[in-house]
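Chemist: how does the following fold in three dimensions:
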Amino acid sequence: MTADREPTTEGRFTMLDPRILDPESEIVARDHLSGNDVAQVVEVLEAMHRWRETERAMSEASQRYMKLGDTDMRALRFLVACRSQDTVATPSSIAQHLGISTASTTKLLDRLAKGGHVTRHPHPSDRRSLAIEITEETRISARESVGRTHARRFQVAASLTAAERDVVIRFFAQLVETAEMPGHPHA
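Modeler: Below is the predicted model of the structure:
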């Protein structure tokens, strides 16, 4: 990279470049960085953007393949995890995991049961509750789509050294700390 690198990525302007969005450095302080450093930071932001777009597209493809929405898919992943841990999943544990109301959970379970994705059974130790299980067909479909994708991601992370993983973990933890609640610029 050269110090006079243009504010572009792959021959196009990048809308993540502060040299374009904040040319006067009113919001993004960058006086302490060289042109190469700024360009490399922009490349990191662009890589994150490409990952988010890829992740969104993969998620949408999985949802279309399974003919389910995002919350439905999250519920099924939870049920797969419960099954692998020999944990009884209940409507209330699903609601808590998803952060939705019990009424919404009932509608979700009705939809998943109608689609043949889950079954409801009496809870083995609590007469007042139900045990929710993912069907074998749906579990296999989820494993073949989402599971194989996760396995490839795991291998990429595993290919890093322990020190590199520590850097990535710290980076994402620090990104999480930068999050502000919408509508609260100084949260």
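Chemist: what is the neighbour count of residue 36?
Modeler: 13 (other C-beta atoms under 10 Å). For glycine as for every other residue, the C-beta is placed from the backbone atoms N, C-alpha and C.
Chemist: what's the nearest residue to residue 58 if we skip its chain neighbours?
Modeler: residue 149 (6.1 Å; C-beta to C-beta, 6 or more residues apart in numbering).
Chemist: quickly note the distance from the one you found to residue 160.
Modeler: 18 Å (C-beta to C-beta, to the nearest Å).
Chemist: more neighbours: which of the two?
Modeler: Set side by side, residue 149 and residue 160 show more neighbours around residue 149, with 15 against 12, by other C-beta under 10 Å.
Chemist: shouldn't that one be within a strand?
Modeler: No - in this structure, residue 149 is helix, not part of a strand, as judged by DSSP: H, G, I helix; E, B strand; the rest coil.
Chemist: thought it was touching residue 61?
Modeler: No - taking contacts as C-beta atoms under 8 Å, residue 149 lies outside contact range of residue 61: 9.5 Å.
Chemist: from residue 108, how far off is the residue nearest the centre of the chain?
Modeler: In the chain, the C-alpha nearest the mean C-alpha coordinate belongs to residue 55, at 7.3 Å (C-alpha atoms, centre = their mean). Distance of residue 55 to residue 108, computed by C-beta to C-beta: 23 Å.
Chemist: list the buried residues of the helix or strand hosting residue 58.
Modeler: Per DSSP states H and E: residue 58 is located in helix 35-66. Of all the residues in helix 35-66, those buried under the rule 16 or more other C-beta atoms under 10 Å are 35, 38, 39, 41, 42, 45, 46, 62, 66.
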